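Novice: Structure for this input, please:
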Amino acid sequence: MFSAELRAVGETLLELDQAHLFAGWPAPGTDDEQKRRFLKQVSEVESAYLGGVRTYVQRAKGLLKSAAEGANPYEGFRVETPGQDVAVRVDSQADFAKYEPLGMQQAARTAFVIVAGGLGERLGYKGIKLALPSDISTEVSFIELYARWILALQARARESEKNPQLELQFAIMTSDDTDALTRELLQKNNNFGLTNSQLTVFKQGKVPSMVDNAAHFVLDEKDKYALDTKPHGHGDVHSLLYGQGIVDRWVKPSGDAGASRLPVEWMVFFQDTNGLVFHSIVPALGVSAERKLHMNSITVPRAQGDAVGAICTLIRDKPLDDAQIAKEDLLPNKLTINVEYNQLEGLMGKGAKEPVVEGTNYSVFPGNINVLVLHAPAYLQVLHDKKGAISEFVNPKYLPDKQSFKKPTRLECMMQDYPKLLDKSTLVGFTQFDRSCSFSAVKNALSDGVDKQKSGNAPEVAATGEQDMYAYAVHALRSAGAQVQQDQEVDYRGIKVKTSAHVIFSPAFGVTSQEIAAKLPGKEKIQITSRSTLVVDGSNIELRELQLDGALVILAVPGARVRVEGLSMRNKAWSFAVLRPEEDAGVEQKYAIRGYTLKREEQAYYVFDKEGEYVLSDATAKQYEREYKHPARLQ
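Specialist: Okay, here's the model as predicted:
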């Protein structure tokens, strides 16, 4: 009835005290195909989990025993502020001027990894979060925005390396929920300009759910021939990169790949809906190179007691010798790592308050945003040494007997727990940025965001994610000397934001603050009202003299050099129209989750789709103006 492979899987389950899974099976000849389907599912788990089902059960029993005993994973450690040797704050123009050029020097040898296993259900969006528009002025989705950033960095790396074939590698980790939709989105859009050779998509598996401390698996409530499985967590990215040989190929390119790839020196890990993230990635690469950090976490200021992870240095009260640590696979005597806020309270002692930075309400422990820069060759060595295994944890909700659970649980792992695999000699640090240039996640529904904002936390909704992108570009304009009308507070269905003009500079226009400033030589001759929208997409566009009171879109292909000089533009503009709750059902979800739509009354739309030198002015404007095509980007 079963192949040798499936029979072996069934016997393994029996050896692991999982016989209850077969209790409801009828005699041979009934549901045979369904039985094979069950064992095929278990076989897939066996292949996907490093070490197979046996290792999973063994680890689960140990972790469940510790959880039942109330063991603290950091028992015997005290918490300290990370030392200045591994802590860098980038919060001034001088800091960016120092670290951005250093980061750009590393771009040619950098690869990017995004963990994108989530749907937008929590936001009220039916689809993958990567498909959400990062802003509705251009309708550029998050995945397209990230592709544009990588292509913009690649274009500059090709120039610096004098290698027109150079490709920067990009990997996307999907899940069962998102894999097919992600691949479909990429295929429909020709990978948003990325080549098949630079793009890798791999899927994380799920792990069996358990119902008690004996690690007994449980069947799906609706299907007695299927295990109940759950996501293992984004820490899977490490084991999958190892198991599929992706890091090996990146660090040691060979054959045909050698012409288009340099050996990867740095790997950047980030998550799926943060439109500001690349503004901090470039200087963080510079910090990593300067400090020779094995791991560099990008962080933001964290209010005292915030319910977010904190980067801390943990020091063992009674140091152990290296031999004992190695033999028992224990944590080193000192490590810098993300500590979840509820664990931080335990480490500091009951009732203890986090120390704050002098003169502020911000904790000395910066907030983790799960953006990591790893030194790729050292990372590869650790993956091989540890067989790609990342530290796991379990979080059961117990019944009164402390043996069984209120609902099935599973082992989980987190990407940021990677330092637990490292030894004492490894340099782990962080680079802290202001949220305005690094972090504006889109992960909450409007109603949840309103509650978070009222409690003093960032709402992290689609509206703030978009408005923060506009605000970053406005800040860049003002920093360069341009005059942009002052901010005003706007209420989008209970979400309050400060906003002025709505400005989008594409990554092609500028990947560093200095590069953007160089494209704005007009300084005070650039004047923009708060009701204006400005979209600029092209690598060779300069704003020398512009008075804007309306909507203006300028697009230019590579090789088209455009000077905006002596241009005065006024029109009816674009405006955001706040939606009433009863209107949500009548609009697309991408608008409903923001609480507003975009009303495009009038705009000036200029497209330069051929190489050459152009001057866009009042005198030449009619010559270059095109009929507007939505979305506002090169077709």
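Novice: Residue 90 is in contact with residue 432, isn't it?
Specialist: Yes: using C-beta atoms under 8 Å, residue 90 is in contact with residue 432, at 7.0 Å. Bear in mind the C-beta positions are built from the backbone N, C-alpha and C, glycine included.
Novice: Just the buried positions in stretch 418-431, please.
Specialist: Buried positions in stretch 418-431, judged by neighbour count with 16 or more other C-beta atoms under 10 Å: 418, 419, 420, 421, 422, 426, 427, 428, 429, 430, 431.
Novice: Ends of it, what's the gap?
Specialist: 17 Å (C-alpha to C-alpha, to the nearest Å).
Novice: Name all residues that make contact with residue 150.
Specialist: 112, 168, 170, 194 (C-beta atoms under 8 Å, 6 or more residues apart in numbering).
Novice: Please convert the buried members of those residues into PyMOL selection syntax.
Specialist: Of those, the buried ones can be selected in PyMOL as follows, counting by 16+ other C-beta under 10 Å:
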select buried, resi 112+168+170+194
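Novice: So which of the contacts of residue 150 belong to strands?
Specialist: By the criterion of DSSP state E, membership of these in strands covers 112, 170.
Novice: looking at this structure, which helix or strand does the model trust least?
Specialist: Ranking every helix and strand in the chain by mean pLDDT, DSSP states H and E puts helix 257-260 at the bottom, with a mean of 69.
Novice: before we move on, back to that, most widely separated two among the contacts of residue 150?
Specialist: Farthest pair in these (C-beta to C-beta) is 112 and 194. Separation: 10.6 Å.
Novice: still on that earlier bit, show me which of the contacts of residue 150 is closest to residue 458.
Specialist: residue 112 (24.4 Å).
Novice: Show me what that closest one is bridged to.
Specialist: Beta bridges link residue 112 to residue 170, residue 268 when assigned by DSSP bridges.
Novice: Can you check which strand is longest in this protein?
Specialist: Criterion DSSP E: the longest strand present in the chain is strand 367-375.
Novice: gap between residue 582 and residue 451?
Specialist: According to C-beta to C-beta, to the nearest Å, residue 582 stands 21 Å off from residue 451.
Novice: Could you do residue 337 as well?
Specialist: 30 Å.
Novice: The two: which has the busier surroundings?
Specialist: Per other C-beta atoms under 10 Å, whichever of residue 337 and residue 451 has more neighbours is residue 337, with 24 against 13.
Novice: Apart from its neighbours in sequence, what residue is nearest the more buried one?
Specialist: Among residues not flanking residue 337 along the chain, residue 419 sits closest, at 4.4 Å (C-beta to C-beta, 6 or more residues apart in numbering).
Novice: Break down the stretch 401-550 of the chain into its strands, ranges please.
Specialist: In the stretch 401-550 of the chain, the segments counted as strands under DSSP state E, counting those that start in this stretch are 404-409, 411-413, 428-432, 483-484, 488-492, 495-499, 502-505, 526-528, 533-537, 541-543, 546-549.
Novice: Span of stretch 121-131 from start to end?
Specialist: End residues of stretch 121-131 are separated by 13 Å (C-alpha to C-alpha).
Novice: my bad, should have said stretch 398-418
Specialist: End-to-end for stretch 398-418, by C-alpha to C-alpha: 28 Å.
Novice: Average pLDDT for that stretch, rounded please.
Specialist: On average, the pLDDT along stretch 398-418 is 91.
Novice: in stretch 435-452, what counts as buried?
Specialist: 435, 437-446, 448-450, 452.
Novice: what is the mean pLDDT for that stretch?
Specialist: For stretch 435-452, the per-residue pLDDT averages 93.
Novice: which ones are touching the residue nearest to residue 337?
Specialist: 295, 335, 336, 337, 426, 428.
Novice: what is the orientation angle of the helix or strand where the fourth one lies with strand 428-432?
Specialist: Per DSSP states H and E, residue 337 falls inside strand 334-339. Angle of strand 334-339 versus strand 428-432, following axes from the mean of the first three to the mean of the last three C-alpha atoms, to 10 degrees, is 50 degrees.
Novice: can you list contacts of the helix or strand just after strand 334-339?
Specialist: As assigned by DSSP H and E, the chain's next helix or strand after strand 334-339 is helix 341-348. With C-beta under 8 Å, 6+ apart as the contact definition, helix 341-348 has outside contacts at 72-74, 77-79, 305-310, 312, 314, 339, 352, 354, 365.
Novice: Which parts of the stretch 51-200 of the chain are strands?
Specialist: Going by DSSP E, counting those that start in this stretch, the stretch 51-200 of the chain shows strands at 77-80, 87-89, 110-115, 170-174, 199-203.
Novice: and of those, who's closest to residue 412?
Specialist: Closest among the strands of the stretch 51-200 of the chain, using C-beta to C-beta: strand 110-115, at 13.5 Å.
Novice: List the buried residues in that closest one.
Specialist: Residues of strand 110-115 classed as buried: 110, 111, 112, 113, 114, 115 (neighbour count, 16+ other C-beta under 10 Å).
Novice: May I see those organised as JSON lines, with distance to residue 157 added?
Specialist: Conversion of the buried residues of strand 110-115 to JSON lines gives the following (distance: C-beta to C-beta, whole Å):
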{"residue": "110", "distance to residue 157": "8"}
{"residue": "111", "distance to residue 157": "12"}
{"residue": "112", "distance to residue 157": "13"}
{"residue": "113", "distance to residue 157": "18"}
{"residue": "114", "distance to residue 157": "19"}
{"residue": "115", "distance to residue 157": "24"}
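Novice: which pair in these spans the largest distance?
Specialist: Longest span within these, C-beta to C-beta: 110 and 115, 17.2 Å.
Novice: quick check: mean pLDDT across the lengthiest helix in the chain?
Specialist: Longest helix in the chain, counting residues (DSSP state H): helix 142-161. The average pLDDT within helix 142-161 is 97.
Novice: go on, stretch 581-590?
Specialist: 93.
Novice: could you pull out the helices for the stretch 151-300 of the chain?
Specialist: Applying DSSP state H, counting those that start in this stretch to the stretch 151-300 of the chain gives helices spanning 179-188, 236-243, 246-251, 257-260, 277-291.
Novice: picking up where we left off before, any idea which of the buried residues of strand 110-115 is least confident?
Specialist: residue 115 (94).
Novice: That one and residue 267, how far apart?
Specialist: Taking C-beta to C-beta, one finds residue 115 at 13 Å from residue 267.
Novice: can you check residue 337 too?
Specialist: Here the distance between residue 337 and residue 267 works out to 18 Å (C-beta to C-beta).
Novice: just for this protein, where's the confidence low?
Specialist: 255-259, 634-635 (pLDDT under 70).
Novice: Enumerate every residue touching the most centrally placed residue in the chain.
Specialist: What sits nearest the mean C-alpha location of the chain, by C-alpha atoms, centre = their mean, is residue 271, with 1.4 Å. Applying C-beta under 8 Å, 6+ apart, we find residue 271 in contact with 114, 115, 116, 234, 370, 371, 441.
Novice: cool, residue 142 as well?
Specialist: 129, 130, 131, 132, 134, 272, 273, 275, 442.
Novice: now, the most widely separated pair of those residues?
Specialist: 131 and 275 (13.9 Å).
Novice: ok, those two, which is more surrounded?
Specialist: Using other C-beta under 10 Å, the more surrounded residue of residue 131 and residue 275 is residue 275, with 23 against 19.
Novice: any idea how far residue 119 is from residue 186?
Specialist: For residue 119, the distance to residue 186 - C-beta to C-beta - is 17 Å.
Novice: Look at those two and report which has more neighbours.
Specialist: Between residue 119 and residue 186, residue 186 has the larger neighbour count (other C-beta under 10 Å), namely 20 against 16.
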